[in-house]
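>>> pasted the sequence and its predicted model underneath.
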Amino acid sequence: MKWHRTPVPNLLRAENGTYYARIVRGGRQHWRTLKTKTLTVARQRLRVEEEKIRKTQPARRGEQMTFGQAAAIYAAQVATERLADSTKEFRLRPGAALRRTWPELAGMDVRRITAQDLAAWQRRFENGDSAYTPRHAKRAVAGNSPTTVNACVAYLRRVFAIAIANGLIASNPAASLSRKPPRKKLLHLPSKEQFRDIVAHIRKQAVRWNTGTAELVEGLAYSGLRLAEATALLWADVDLDRGRIVVNGTKTENSARVVPVNPAMRTLLDRLHAHKAGDKVFGVASALGTLAQACESAGIQKLTHHDLRHFFATTCIESGVDIPTVSRWLGHADGGALAMKTYGHLREQHSTGAAAKVIF
């Protein structure tokens, strides 16, 4: 029988779709059919089977695993998951932070690492022990941003889950670690008039070079695509007759989606299609340099490629599109929770205009 790996440790799927538990305990593999073809049900039944086996099958005397060994197993699992390379790198990046701030951890037996040990490390990490000098930088940085701290907490939990799956520990010592509240990022986006000035400036500068950067900037702003999605977009993915774009998501499996073509994007696509010179819709991979120059010329804060995605979402919401719909267009799989956090407070001029309509 052929088995298929899943993102869940100890959970395998047979060719017929049925899920099985494969749990190592006492130096032996224990197989259990979970009698379901539904992943969410299989996860629940897997936990029950793992607990049963831990209670009935003692661990082999002398059996041990270091944190470094568990981390290596986790890294191998991440490598087999269907994720973008950038996502895989982000999931494994905390390993370097741990090696830098807790060098002894890799050689420690996972059975002897306590929740108190992890809490003490987190206190040191958040209080300055994480400072380091990045490559090619001249001075040290704090290195303890909420994103970094939370990524390390998630990493620790996942690595200790490997030890649990192998029957070496019964509970996850990293479960009690607290996440650091993220700092709310204020969006500094251009007005529609400023965006038109930016595009005009880029197009004027690009005349002599014919780079296509203005078209990429417009495409990101009118579609909400991530940069990797836009640069991978093929004409075969564009259905001009039906007015839609099939996006082959690059971040996760759930980021694949269909995005309707709005009027501004339709005008851009028609113009590009009339002069297409290959399979790809956009002929350049980046517009950061010219975008920065255009922003400086327009007298606004520098924008990134991802800011253009924010510009798209904000413009859609200000135009009356509900947040769950915008969330689907962006490729979010959370029903709009992330979009609500990000765009709950819109640009100042829109918020001020809305406040003027409130009458008591």
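Structure received.
>>> buried residues, stretch 180-187. List them.
For stretch 180-187, a neighbour-count test (16 or more other C-beta atoms under 10 Å) marks 180, 187 as buried. Where C-beta positions appear, they are placed from N, C-alpha and C, glycine not excepted.
>>> remind me, longest helix of the chain?
helix 146-165 (DSSP state H).
>>> so after that one, what's the next helix or strand?
As assigned by DSSP states H and E, the chain's next helix or strand after helix 146-165 is helix 192-206.
>>> which elements pack onto that following helix?
Judged by 3 or more C-beta pairs under 8 Å, 6 or more residues apart in numbering; DSSP states H and E, the packing partners of helix 192-206 are helix 213-223, helix 288-298.
>>> one step back: the longest helix of the chain packs against which elements?
helix 67-80, helix 85-92, helix 94-101, helix 115-124.
>>> TSV for the ones you listed, including mean pLDDT?
Converted to TSV, those look like this (pLDDT from 0 to 100):
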stretch	mean pLDDT
helix 67-80	92
helix 85-92	90
helix 94-101	92
helix 115-124	94
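>>> can you redo these as CSV with mean neighbour count?
Formatted as CSV, the helices and strands packed on helix 146-165 follow (neighbours: other C-beta atoms under 10 Å):
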stretch, mean neighbour count
helix 67-80, 17
helix 85-92, 14
helix 94-101, 17
helix 115-124, 15
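>>> nearest to E229, of those?
helix 85-92 (12.1 Å; C-beta to C-beta).
>>> burial count for A298?
Neighbour count of A298, defined by other C-beta atoms under 10 Å: 19.
>>> how about E51?
Around E51 there are 11 residues (other C-beta under 10 Å).
>>> in the stretch 101-250 of the chain, where is pLDDT below threshold?
Applying pLDDT under 70 to the stretch 101-250 of the chain flags residues 135-137, 184-185, 206-211, 249-250.
>>> one more pass at 50, please.
209 (pLDDT under 50).
>>> returning to that earlier point: tell me which of the helices and strands packed on helix 146-165 sits nearest to V246.
So among the helices and strands packed on helix 146-165, helix 85-92 is nearest, using C-beta to C-beta, at 21.0 Å.
>>> who does the closest one touch, helix- and strand-wise?
Counting by 3+ C-beta pairs under 8 Å, 6+ apart, helix 85-92 packs on helix 67-80, helix 146-165.
>>> tell me how far the first one lies from the chain's centre.
Here helix 67-80 is found 19 Å from its chain centre; the criterion is C-alpha atoms, centre = their mean, to the nearest Å.
>>> just want the angle from it to helix 85-92.
Taking axes from the mean of the first three to the mean of the last three C-alpha atoms, to 10 degrees, one finds helix 67-80 and helix 85-92 inclined to each other by 160 degrees.
>>> thinking again about what came up before, need the helices and strands packed on helix 85-92 in JSON lines with distance to Q116, can you?
Conversion of those to JSON lines gives the following (distance: least, C-beta to C-beta, whole Å):
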{"stretch": "helix 67-80", "distance to Q116": "16"}
{"stretch": "helix 146-165", "distance to Q116": "14"}
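>>> out of these, nearest to A277?
Closest among those, once you apply C-beta to C-beta, is helix 67-80, at 36.4 Å.
>>> quick check: angle from the closest one to helix 94-101?
160 degrees.
>>> which other residues reach helix 67-80?
Identification of contacts with helix 67-80 by C-beta atoms under 8 Å, 6 or more residues apart in numbering yields 5, 7, 9, 88, 91-92, 95, 105-108, 110, 113, 155, 158-160, 162-163, 166.
>>> and those, which of them are buried?
Here, 16+ other C-beta under 10 Å leaves 9, 91-92, 95, 105-106, 110, 113, 155, 158-160, 162-163, 166 buried among the contacts of helix 67-80.
>>> which among these gets closest to Q194?
Proximity of the buried ones among the contacts of helix 67-80 to Q194, judged by C-beta to C-beta, is greatest for R91, which lies at 36.8 Å.
>>> I'd guessed that closest one sits against R157; true?
No: between R91 and R157 there is no contact under C-beta atoms under 8 Å: 11.7 Å.
>>> thanks a lot, catch you later.
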